[in-house]
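Trainee: what shape does this take:
(one chain, ligands or ions: 1)
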Amino acid sequence: MSEPGNIGGFRPRRYRTDGGGPDFGRMIEALRRIQDGITAADAPEGVVTEVADMLEKVAAAVEPYEVDEEGMIAGRRVDLPGRGQALIPPLEYDEWDEDHVVARCSMGRFYLGANGAAHGGVIPLVFDEVLGRLANTGRPVSRTAYLHVNFRAITPIDAPLRVTGTVVRIEGRKRFLTAALHHGDTLCADGDALFVALNPGQP
Ligand SMILES: CCCCCCCCCC(=O)SCCNC(=O)CCNC(=O)[C@H](O)C(C)(C)COP(=O)(O)OP(=O)(O)OC[C@H]1O[C@@H](n2cnc3c(N)ncnc32)[C@H](O)[C@@H]1OP(=O)(O)O
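Mentor: From the prediction side, this is the model:
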């Protein structure tokens, strides 16, 4: 798999891989475990109080190191699952070029909607993430103008999922892409999106 370090027109330092600094990946993995664990737990009062105390200490430990967006690590570590951003399911990329992408992920309890199915809002999040990165691979930066999603079957949590994305065509500033999400042979969701390349000065 080849994955560009400098995507689209974003400033090069915005996207980074491990530079040998602090183990940010380990911290985000721990945070993902906390998200899943707390979501899944029905703990007794003493444990809830103890965990709340610990989490307040965790928050207090990192808050002095807040930086502005330009200096952030989360969301910019393209070598980490989900770019090191705990909102995004931990996507791992198997294939990547300027025309298509194939990724894997499994969504934990944090992403549960109900009855074993992933929350419906997570699927557009996954598609926007995968298609956004694909749309901007080797091209000037674009943003999502629309993203249409069809929910074809429930997306199970704690199960291996496959996400594919394809660039269908490009017309000037407009990039049309499609996405699909499978569990085994089951098509769980598909979608199509328009990304529009930004004009100078557009945020
Ligand atoms: C490693 C890092 C990877 C990062 C991955 C994450 C990527 C995530 C990507 C995102 O989620 S971005 C956040 C969500 N999207 C936004 O916030 C975008 C908000 N909208 C905008 O900023 C503007 O609407 C946009 C830049 C998309 C377009 O505005 P413009 O004023 O530049 O475009 P304009 O209105 O001139 O339209 C350009 C063309 O697109 C067409 N168009 C625009 N919006 C459309 C729409 N919604 N539906 C259909 N066509 C649309 C429009 O008709 C026109 O077609 P023609 O050139 O053929 O005339």
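Trainee: and P64, that one's in a strand?
Mentor: No. Going by DSSP: H, G, I helix; E, B strand; the rest coil, the assignment for P64 is helix, not a strand.
Trainee: how far off centre is the helix or strand containing T166?
Mentor: Element membership for T166, per DSSP states H and E: strand 161-171. Mean-position distance between strand 161-171 and its chain equals 16 Å (C-alpha atoms, centre = their mean, to the nearest Å).
Trainee: which residue does this protein have closest to the ligand?
Mentor: Among the residues of the chain, G132 lies closest to the ligand, at 2.3 Å counting by C-beta to the nearest ligand atom. Where C-beta positions appear, they are placed from N, C-alpha and C, glycine not excepted.
Trainee: number of nearby residues for that residue?
Mentor: As a burial measure, G132 scores 21 neighbours (other C-beta atoms under 10 Å).
Trainee: now F176
Mentor: As a measure of burial, F176 has 15 neighbours, counting by other C-beta under 10 Å.
Trainee: and the residue of the chain closest to the ligand, that's in a helix?
Mentor: Yes. Counting by three-state DSSP, G132 is part of a helix.
Trainee: got the contact list for it?
Mentor: Going by C-beta atoms under 8 Å, 6 or more residues apart in numbering, G132 touches S142, R143, T144, F195.
Trainee: and for E69?
Mentor: Counting by C-beta under 8 Å, 6+ apart, E69 touches no other residue.
Trainee: how near is it to V58?
Mentor: Per C-beta to C-beta, to the nearest Å, E69 is found 22 Å from V58.
Trainee: so the spatially most central residue of the chain, which state does it fall into?
Mentor: Nearest to the mean C-alpha position of the chain, by C-alpha atoms, centre = their mean, lies I88 at 3.2 Å. Classification of I88 by three-state DSSP places it in coil.
Trainee: ok, it touching R77?
Mentor: No. Contact criterion C-beta atoms under 8 Å: I88 and R77 do not qualify, at 11.3 Å.
Trainee: any idea which element the residue lying farthest from the centre of the chain lies in?
Mentor: What lies farthest from the middle of the chain is G46; by C-alpha atoms, centre = their mean that is 34.0 Å. For G46, the host element (DSSP H and E) is helix 45-62.
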